[in-house]
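One predicted model, sequence on top.
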Amino acid sequence: MLYTILEVRCTYFLNILLIEKRGYGMYLLTKAIDDTVLYWQVWEYEGLLIEMQGEVGKVGFGTKTPLAMIKDVQLHMETQALTKQSQGYSFFEKGDSTLLIIQIPLTTDDALKKEELIHKAVNGLNLALYWSGNGTVSLTETSEDYLELRCKVIDPEAATASIEKMYQSLELGNDYMISYDDNETTEELRELEKAF
């Protein structure tokens with residue numbers, strides 16, 4: 001019965017993430033200018049429509065508009081995204097990103113404490129990525145012992161720093177692992193495979 005609560009809650013998070021993946025709850029667009037990547041992002045959060053822009057990996061500036069003030073929120077978001085696209089921004093494509101994985105041990109047997117930890121970790125990750133325009137959560141998986149979060153990020157080093165800062169502020173401790181695959185790591189692995 002204890003795992004049923006967790007399974008229901010995890011299914012809820014997965015459904016939310018699948019909606020975001022399809023673009024219904026969030027839009028992220030980027031634009032490269034020389035060595036700088038700019039972002040524009042809009043999403044719904046706690047009764048507000050939040051629109052942010054800035055340099056990828058850094059908290060930018062933006063606006064918060066109550067959803068009640070917008071007649072058709074989805075149409076408004078789509079229109080804003082298309083306007084940004086006409087200004088040279090491109091829709092964030094997960095193929096142009098780096099996979100970043102976070103593993104957090106679930107060290108308690110208390111189902112409510114596990115659920116609280118999962119909730120804090122997922123929300124913290126979303127906030128860390130959204131406020132810095134640095135990607136999206138693509139998958140959340142739980143086992144009896146671990147929570148694994150997979151993200152597609154633009155700048156993995158900046159994302160790691162943002163996530164660590166967010167997790168410290170949420171008092172999640174330091175008992176988690178963040179890893180990502182970049183071109184250097186891929187090349188090193190290929191060289192190792194050749195050596196053996």
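Perfect, thanks for sending it.

Could you look up the SS state of T108?
coil (DSSP: H, G, I helix; E, B strand; the rest coil).

how close does it sit to I102?
Separation of T108 from I102 (CB to CB, to the nearest Å): 18 Å. Yep, even glycine has a C-beta here, placed from its N, CA and C like the rest.

Could you check which of these two is surrounded by more residues?
When T108 is set against I102 and neighbours are counted by other CB atoms under 10 Å, the residue ahead is I102, at 24 against 11.

can you pull the pLDDT of the closest residue to I70 other than its chain neighbours?
Spatial nearest neighbour of I70, chain neighbours left out: H76 (5.0 Å); criterion: CB to CB, 6 or more residues apart in numbering. On pLDDT, H76 comes in at 94.

so which helix or strand takes in H76?
Here H76, judged by DSSP states H and E, is contained in helix 73-86.

tell me what that helix is packed against?
strand 26-33, strand 36-45, strand 48-55 (3 or more CB pairs under 8 Å, 6 or more residues apart in numbering; DSSP states H and E).

Report the inter-axis angle for the first one versus strand 48-55.
Translated: strand 26-33. For strand 26-33 against strand 48-55, the angle by axes from the mean of the first three to the mean of the last three CA atoms, to 10 degrees is 20 degrees.

tell me which residues of strand 26-33 are tucked away?
26-31 (16 or more other CB atoms under 10 Å).

what's that strand packed up against?
strand 36-45, helix 73-86, strand 90-91, strand 135-142.

Over that strand, what's the mean pLDDT, rounded is fine.
Mean predicted lDDT for strand 26-33 stands at 91.

strand partners of it, parallel vs antiparallel please.
Applying DSSP bridges, strand 26-33 is found paired with strand 36-45 (antiparallel), strand 90-91 (antiparallel).

Identify whichever of these lies nearest to Y176.
When these are compared by CB to CB, strand 36-45 sits nearest Y176, at 23.6 Å.

What lies in contact with the closest one?
20, 25-32, 49-56, 60, 67, 73, 77, 80-81, 84, 89, 130, 133-134, 154-155 (CB atoms under 8 Å, 6 or more residues apart in numbering).
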